[in-house]
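[1] got a predicted structure plus its sequence, pasted below:
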Amino acid sequence: MPAPSAPSAAASAPGPATGAGTKGAPLKAVDKDTTAGILFGIGAYGLWGLLPLYFFVLMPAGAVEIVANRVVWSLLFCALLITVTRSWGALARALRDRSVFGTLAVAALLIAVNWLTYTYGVTTGQAVEASLGYFINPLVSVLLGVFVLKEKLRPLQWAAVGIGFIAVGVLTYSYGKLPWIALTLALSFGLYGFVKKRVGPKVDAVTSLSVETLVLAPFAAATMIYLAAAGTATLTTQGPGHFWLLLSSGVITAVPLVFFGAAARRLPMTTIGLLQYAAPLLQFVLALLVFKEAMTVDRWIGFGVVWVALLVLTVDMLRTARKTSVARRRGKASVKSP
């Protein structure tokens with residue numbers, strides 16, 4: 001997310017000046033764009049929340065093979081999308097722009113780390129800890145706002161971060177080690193969202209994803225060839241159903257990422273952070289009810305502390321959004337007054 005401070009949140013949202021002199025038309029356009037962004041965000045996080053079920057049916061494929069297939073088949077799906085939308089020119093411009101390409105190359109590295117870590121967690125019976133990573137992610141994004149964007153946090157944001165550190169301590173005690181899967185997921189995806197937000201205005205979602213997969217594709221293809229040569233690939237050895245399920249990883253990977261890219265371009269990162277709670281909640285429920293992973297009392301306590309932190313953060317977000325909405329209405333009223 002990173003959650004912006006009040007001034008940056010006002011900059012992200014349509015303020016009183018937005019509709020000045022235009023009878024509120026730009027404000028309506030922004031509101032329509034925001035609605036579309038929220039729908040894209042719900043779609044992305046809902047699909048990600050159900051992703052563990054897909055990994056479960058792909059067994060015995062391991063994390064490395066699954067991620068390699070995701071990248072290669074995503075690239076083919078992106079090529080199809082670009083052809084249908086006639087966006088080859090936009091892709092060429094993105095590849096020629098060193099700033100855009102460099103930023104998206106960093107995003108590609110971050111999402112590769114995220115995919116590998118998450119897939120490893122789910123396929124090795126650690127889906128609960130994987131869900132924890134996405135619960136912690138909003139707190140990591142708040143810290144990114146402090147250390148990267150030099151933002152000043154509101155009191156409730158500081159309280160949420162402090163409670164989050166307590167939760168990590170409780171869970172470290174519970175697991176007997178740092179929950180490295182959760183922390184890696186939170187950090188990698190927090191940075192990924194930050195990078196995508198920075199490059200968002202310059203490229204559309206499909207172009208952005210296409211550049212990312214182009215960066216990763218050579219490594220993914222080499223990995224698939226290596227696994228096949230070593231006799232450990234499952235793509236062609238587990239029957240036609242498994243083959244087509246792995247091939248469909250391109251669509252299953254690309255669609256929520258396209259949705260996320262579209263949401264990141266339209267929404268403040270606070271809103272994105274609020275929407276993302278849906279994904280870890282679904283993952284957590286699946287881990288308990290479908291995968292039957294154990295939850296000890298001290299882990300329940302640790303998760304409970306995390307949820308308290310998120311509740312505090314959510315209250316702060318809603319209060320800030322309400323203040324912004326009031327300021328927007330007052331500004332709109334002042335524009336209409338003679």
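    Great, that's in hand.
[2] when you work out contacts or count neighbours from here on, use the C-alpha atoms and nothing else.
    Will do.
[3] following the lowest-mean-pLDDT helix or strand in the chain, which helix or strand shows up next?
    Ranked by mean pLDDT, DSSP states H and E, the weakest helix or strand in the chain is helix 6-12, scoring a mean of 33. Using DSSP states H and E, the next helix or strand after helix 6-12 towards the C-terminus is helix 25-57.
[4] tell me what that following helix is packed against?
    On a contact count with 3 or more Cα pairs under 8 Å, 6 or more residues apart in numbering; DSSP states H and E, helix 25-57 meets helix 98-123, helix 249-266, helix 269-275, helix 278-289.
[5] okay, buried residues for the next helix or strand after it please.
    Next in sequence after helix 25-57, counting helices and strands by DSSP H and E, comes helix 63-85. Within helix 63-85, the residues scored as buried using 16 or more other Cα atoms under 10 Å are 63-79, 81-82.
[6] now the longest helix belonging to the chain against helix 25-57, angle please.
    Counting by DSSP state H, the longest helix found in the chain is helix 297-336. If you take axes from the mean of the first three to the mean of the last three Cα atoms, to 10 degrees, helix 297-336 sits at 160 degrees to helix 25-57.
[7] for Asn137, what are its contacts?
    1, 185-187, 189-190 (Cα atoms under 8 Å, 6 or more residues apart in numbering).
[8] an error on my part: the question was meant for Thr172.
    178-179.
[9] what does the model give it for pLDDT?
    With respect to pLDDT, Thr172 scores 90.
[10] how about the helix or strand harbouring it as CSV, C-alpha atoms only?
    Using DSSP H and E, Thr172 falls within helix 155-175. The C-alpha trace of helix 155-175 is given here as CSV (Å, rounded to 0.1, in the frame of the first residue of the first chain):
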residue,chain,number,x,y,z
PRO,A,155,-0.8,8.5,15.3
LEU,A,156,-3.0,5.6,14.5
GLN,A,157,-0.6,4.5,11.7
TRP,A,158,2.3,4.5,14.2
ALA,A,159,0.1,2.5,16.6
ALA,A,160,-0.6,-0.1,13.8
VAL,A,161,3.0,-0.4,13.0
GLY,A,162,4.0,-0.9,16.6
ILE,A,163,1.3,-3.5,17.1
GLY,A,164,2.5,-5.2,13.9
PHE,A,165,6.0,-5.5,15.4
ILE,A,166,4.6,-7.1,18.5
ALA,A,167,2.7,-9.6,16.3
VAL,A,168,5.9,-10.6,14.5
GLY,A,169,7.6,-11.1,17.8
VAL,A,170,4.7,-13.4,19.0
LEU,A,171,4.7,-15.4,15.8
THR,A,172,8.5,-15.7,15.9
TYR,A,173,8.2,-17.3,19.3
SER,A,174,5.4,-19.5,18.0
TYR,A,175,7.3,-20.8,15.0
